[in-house]
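Q: Quick one, what's the 3D model for this:
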Amino acid sequence: MQMRPLGPEAPEVTAIGFGGMPLSIQGRPDEDAGIGVIHEVLDAGVTLLDTANVYCLDADDIGHNERLFAKALESWSGARDDIVLATKGGMTRPQGRWDRNGRPEQLRQACELSLKALDVERIDLYQFHTPDPTVPFADSVGVLARLHEEGKIRWVGLSNVTVEQIKEANTMVRVVTVQNRLNPFFREAIDTGVVRHCADGGIGFLAYSPVGGGRLNKKLPAHPVVVPIAERLEASTHAVVLAWVMAQGPNVIPIPGARTVEHALDSIESGSLELSNEDLAAIDGAEFSRK
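A: The predicted structure is shown next:
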């Protein structure tokens with residue numbers, strides 16, 4: 001699988017990462033099955049794993065996905081030092097809701113709990129999950145900068161941010177990665193210049209929901225433009241879309257999730273799939289309805 005730079009002063013990682021959310025939210029597999037998926041992903045060569053403290057069922061389940069990754073890495077036979085494990089803070093799950101909380105004291109507490117859940121002394125990549133409109137953005141990023149200075153975070157990342165927010169954060173701490181949504185259904189990361197800004201600054205762009213999310217990705221096996229490309233390349237429609245996402249920039253790293261080994265390995269295979277300029281143009285110009 002090809003490799004791509006994660007970001008400033010960070011190593012190269014595989015061009016396809018793995019997102020852990022489906023293994024810990026509603027409909028999740030049991031623990032042994034979840035660990036089995038993670039092991040297969042690691043054995044396939046993936047070196048970037050993405051989690052979050054709120055990938056869980058509710059507030060009583062906080063850290064489920066982080067603990068799952070920790071157990072999987074502990075029992076894996078490969079080299080842990082080759083793996084970049086990313087997590088996030090800045091959201092909460094009261095009664096199963098997805099609420100924002102960017103207060104500095106909450107972020108510090110979340111980071112401390114993530115250190116314990118992941119069973120590490122320093123988190124590889126810690127990302128501010130999403131800006132909180134009730135808290136000054138600088139206050140939220142400032143505590144991440146301090147946690148970085150204290151050695152609890154190796155690299156700092158942002159998620160769900162604008163170009164202006166990336167610029168502001170960079171005045172306080174080096175931003176290594178940005179994780180925003182990117183897929184053919186939702187192209188705001190391209191249209192608003194976030195992908196280009198990250199590429200120009202050497203910042204890794206981690207594309208979440210790269211095939212459209214739980215509802216929209218079910219449209220892909222019947223998409224009139226994607227299907228012929230997939231048939232010609234003898235690949236799945238999901239793999240073709242992931243290859244399109246990767247083609248949006250040399251710094252773009254999709255982080256698809258999966259509940260089964262089959263789906264996880266299909267996504268990983270897209271890392272070696274190459275689309276022609278005609279394929280890319282066809283997908284660029286195609287309609288991807290959200291209805």
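Q: what about the longest helix in this protein?
A: Using DSSP state H, we find that the single longest helix of the chain is helix 104-118.
Q: What lies in contact with that one?
A: By Cβ atoms under 8 Å, 6 or more residues apart in numbering, the surrounding residues in contact with helix 104-118 are 53, 62-63, 66-67, 69-70, 85, 87, 89-90, 92, 121-123, 126, 128, 135, 139-140, 142-144, 147, 152-153. Every C-beta, even on glycine, is put in place using the N, C-alpha and C of the backbone.
Q: residues touching residue 263, list them.
A: residue 238 are the contacts of residue 263 under Cβ under 8 Å, 6+ apart.
Q: one step back: using ChimeraX, define a selection of the buried residues within the contacts of helix 104-118.
A: Buried members of the contacts of helix 104-118, identified by 16 or more other Cβ atoms under 10 Å, are gathered into one ChimeraX selection as follows:
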select :53,62,63,66,67,69,70,85,87,89,90,92,123,126,128,135,140,142,143,144,147,152,153
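Q: Can you pick out the ones from the contacts of helix 104-118 that are in strands?
A: Of these, the ones assigned to strands by DSSP state E are 85, 87, 89, 92, 123, 126, 128, 153.
Q: Which residue is the nearest non-sequential neighbour of the third one?
A: The shortest distance from residue 89 to any residue that is not its chain neighbour, by Cβ to Cβ, 6 or more residues apart in numbering, is 3.6 Å, and that residue is residue 110.
Q: distance of the one you found from residue 244?
A: Note on residue 110: its distance to residue 244, by Cβ to Cβ, to the nearest Å, is 34 Å.
Q: Give the residue spans of the stretch 1-150 of the chain that score low on pLDDT.
A: In the predicted model, the stretch 1-150 of the chain carries no residue with pLDDT under 70.
Q: So which residues of the stretch 1-150 of the chain form helices?
A: Taking DSSP state H, counting those that start in this stretch, the helices of the stretch 1-150 of the chain run over residues 31-43, 64-75, 104-118, 137-149.
Q: what two of the ones in strands among the contacts of helix 104-118 are the furthest from one another?
A: Spatially, the most separated pair among those is 85 and 92, at 21.5 Å (Cβ to Cβ).
Q: Which residue is the nearest non-sequential neighbour of residue 125?
A: Residue 125's closest residue in space is residue 86 (Cβ to Cβ, 6+ apart), at 3.8 Å.
Q: Near the one you found, how many other residues are there?
A: Neighbours of residue 86 under the rule other Cβ atoms under 10 Å: 28.
Q: what sits against it?
A: 48, 49, 50, 51, 124, 125, 126, 127, 157, 177, 206.
Q: quick one: contacts of the helix or strand harbouring residue 169?
A: Here residue 169 sits within helix 163-170, counting by DSSP states H and E. The contact list for helix 163-170 (Cβ under 8 Å, 6+ apart) reads 131, 137-138, 141, 156, 158, 161, 175, 178, 192-194, 197-198, 201, 203.
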